[in-house]
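Q: Give me a model of this one.
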Amino acid sequence: MRVCEITGKVAMGGNNVSHSNCKTKRKFSPNLKTKRFWSEEEGRWITLRVSASGMKTINKKGLAVALREAVAPKKVY
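A: Residues are numbered from 1 along each chain as shown. Model prediction:
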């Protein structure tokens with residue numbers, strides 16, 4: 001299944017709209033890439049399937065923090 005391991009993004013549905021305004025169903029897939037990240041804590045490479053926004057999150061927060069937040073359950077009020 002095409003899911004980002006950091007952000008949790010999945011494919012979503014929508015419509016192709018022609019010039020005559022006919023609508024047919026289509027799927028919007030997340031921009032996933034298989035990327036290796038170096039983990040300083042573990043001293044090894046970690047391979048993740050992440051979206052482009054997931055890579056930006058890792059660059060901003062760091063790999064350890066991003067993985068910790070991805071595994072932690074989300075609070076729903």
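Q: Leaving out chain neighbours, which residue sits closest to Lys27?
A: Spatial nearest neighbour of Lys27, chain neighbours left out: Ala11 (5.2 Å); criterion: CB to CB, 6 or more residues apart in numbering. Any C-beta I mention is one placed from the backbone N, CA and C, and that applies to glycine too.
Q: Could you tell me how many residues sit around Ile46?
A: 13 (other CB atoms under 10 Å).
Q: Could you do Gly43 as well?
A: Neighbours of Gly43 (other CB under 10 Å): 7.
Q: Could you pull up the residues touching it?
A: When the contact criterion is CB atoms under 8 Å, 6 or more residues apart in numbering, Gly43 has no partners at all.
Q: helix or strand right after the helix or strand where Thr24 lies?
A: Element membership for Thr24 (DSSP states H and E) is strand 23-28. Downstream of strand 23-28, the first helix or strand assigned by DSSP H and E is strand 32-39.
Q: Tell me the confidence at the residue lying farthest from the centre of the chain?
A: Outermost residue of the chain with respect to the C-alpha centroid, by CA atoms, centre = their mean, is Ser20; its distance is 34.1 Å. On the pLDDT scale, Ser20 is placed at 98.
Q: Need the three-state assignment for it.
A: Following DSSP: H, G, I helix; E, B strand; the rest coil, the label given to Ser20 is coil.
Q: From what I see, the residue nearest to Lys27 and Phe28 are in contact.
A: Yes. At 6.4 Å, Ala11 counts as touching Phe28 under the criterion of CB atoms under 8 Å.
Q: wait, what's in contact with Ala64?
A: Listed by CB under 8 Å, 6+ apart, the contact set of Ala64 reads 39-41.
Q: Go again with 6 Å.
A: Glu41 (CB atoms under 6 Å, 6 or more residues apart in numbering).
Q: now the angle from the strand or helix carrying it to strand 32-39?
A: Here Ala64 sits within helix 63-71, counting by DSSP H and E. Following axes from the mean of the first three to the mean of the last three CA atoms, to 10 degrees, one obtains 130 degrees for the angle between helix 63-71 and strand 32-39.
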